[in-house]
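J.: when you get a sec, could you give me coordinates for this:
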Amino acid sequence: MKELDELHLPDDIRYTDEHEWARITGDIARIGVSDYAQDQLGDIVFVELPAVGDTIARGEVFGTLESVKAVSELYLPLSGEVVAVNTALTDAPELINQDPYAAWIIEVRPTDAGEYDQLLTAAAYLDLLRG
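T.: Alright, predicted model coming up:
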């Protein structure tokens with residue numbers, strides 16, 4: 001397990017208190033799990049992905065991660081339509097452990113861009129982790 005000061009928390013993305021992240025490029029948001037989440041879960045062995053075309057509200061479950069330790073639900077940080085899923089994770093879920101920011105899970109077209117501003121900055125997320 002990493003110490004908090006060892007976590008990689010990029011400043012150009014936003015975080016949820018459930019440990020997902022979102023990065024907006026144009027009108028698409030990439031969604032994944034934070035370095036903290038993958039570290040706490042341990043070796044990820046399975047990823048359940050939603051279907052392209054699904055419309056999911058902020059805070060709703062959009063999939064699950066299964067590790068050798070536990071199964072963890074994934075909560076969508078931004079309401080929107082799923083426009084892509086990272087199918088590479090089906091055969092290689094451990095990519096999330098290797099680089100949780102390169103191994104995005106889904107892409108959504110947000111229906112309310114203002115929701116992004118409500119997510120935590122890297123500094124605020126680190127404060128949350130510190131308790």
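J.: where in this protein is pLDDT low?
T.: Of all residues in the chain, none has pLDDT under 70.
J.: which helix runs longest in it?
T.: The residue-count maximum for a helix in the chain (DSSP state H) belongs to helix 122-130.
J.: give me the contact list for that one.
T.: Contacts to helix 122-130, defined as C-beta atoms under 8 Å, 6 or more residues apart in numbering, come from residues 4, 7, 9-11, 13, 15, 17, 34, 36, 120. Heads up, the C-betas are built off the backbone N, CA and C, glycines and all.
J.: ok, now with 6 Å
T.: Identification of contacts with helix 122-130 by C-beta atoms under 6 Å, 6 or more residues apart in numbering yields 4, 9, 11, 15, 17, 36.
J.: so how many other residues sit close to the third one?
T.: Residues contacting D11 under the criterion other C-beta atoms under 10 Å number 8.
J.: roughly how far does the residue lying closest to it once chain neighbours are set aside sit from L9?
T.: Among residues not flanking D11 along the chain, A122 sits closest, at 4.8 Å (C-beta to C-beta, 6 or more residues apart in numbering). Relative to L9, A122 is positioned 4 Å away (C-beta to C-beta, to the nearest Å).
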